[in-house]
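S.K.: quick one, structure for this:
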Amino acid sequence: MTGKYTFLEDVAIADVAFEATGDTVNDVFIAAAMATMETMVDFKTLTTEKTVTITVTHTDRERLLYEFLEDIIYRKDVDQFLFANVAVTITEKDGAFTLEATCKGTTIDPKKQDLRSDVKAVTLHHFSLTEKEQTFTARVILDI
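M.R.: Numbers count the residues shown, from 1 in each chain. As a prediction, this is how the structure comes out:
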């Protein structure tokens, strides 16, 4: 199984909630990133003409996911960048986790893309990253 995600109804009234799962930590991070992006744009309307690298380091893997998703939102707001796919590699060294993500996408153009909700932030309310029986699960609520 690779990563997948499901949007959750009735978890947050004015926000968007989802659960992402994966067999590996990389898979769940990819699934969470794609759920965040799908909240903002229809993938079918994106191209992959531009590549952006995201690097995040943290001593806590759950916080690493939070910072990664926040970076995605930051790039949408500041760089006007939306991505159609992402590759993630997470390594651990000396008690710290480092995420390297390669994101392929394009600059926002409302004439070419079907834009959806404008995600403002990742909330810490109900935010979690767990591992059980060799499956990673992330629960995320996005402030829109």
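S.K.: thought residue 141 was touching residue 121?
M.R.: No: if you go by CB atoms under 8 Å, residue 141 and residue 121 don't touch, sitting 9.8 Å apart. In short, each C-beta sits where N, CA and C put it, glycine included.
S.K.: neighbour count winner among those two?
M.R.: residue 141 (19 against 15; other CB atoms under 10 Å).
S.K.: roughly how far apart are the more buried one and residue 126?
M.R.: Residue 141 sits 6 Å away from residue 126 when distances are taken as CB to CB, to the nearest Å.
S.K.: what are the boundaries of the helices in the chain?
M.R.: Here the chain has its helices, by DSSP state H, at 25-40, 61-74.
S.K.: can I get the longest one in PDB? Just the C-alpha atoms.
M.R.: Looking back up the chat, that one is helix 25-40. The C-alpha coordinates for helix 25-40 follow below in PDB (Å, rounded to 0.1, in the frame of the first residue of the first chain):
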ATOM      1  CA  VAL A  25       6.500   7.400   7.100                       C
ATOM      2  CA  ASN A  26       7.400   8.800   3.700                       C
ATOM      3  CA  ASP A  27       4.100   7.500   2.300                       C
ATOM      4  CA  VAL A  28       2.000   9.200   5.000                       C
ATOM      5  CA  PHE A  29       3.800  12.500   4.500                       C
ATOM      6  CA  ILE A  30       3.200  12.300   0.800                       C
ATOM      7  CA  ALA A  31      -0.500  11.500   1.300                       C
ATOM      8  CA  ALA A  32      -0.900  14.400   3.800                       C
ATOM      9  CA  ALA A  33       0.800  16.800   1.400                       C
ATOM     10  CA  MET A  34      -1.500  15.700  -1.400                       C
ATOM     11  CA  ALA A  35      -4.600  16.000   0.700                       C
ATOM     12  CA  THR A  36      -3.500  19.500   1.700                       C
ATOM     13  CA  MET A  37      -2.900  20.400  -2.000                       C
ATOM     14  CA  GLU A  38      -6.200  18.800  -3.100                       C
ATOM     15  CA  THR A  39      -8.000  21.100  -0.700                       C
ATOM     16  CA  MET A  40      -6.600  24.100  -2.600                       C
END
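S.K.: please consider this matter closed, and thank you.
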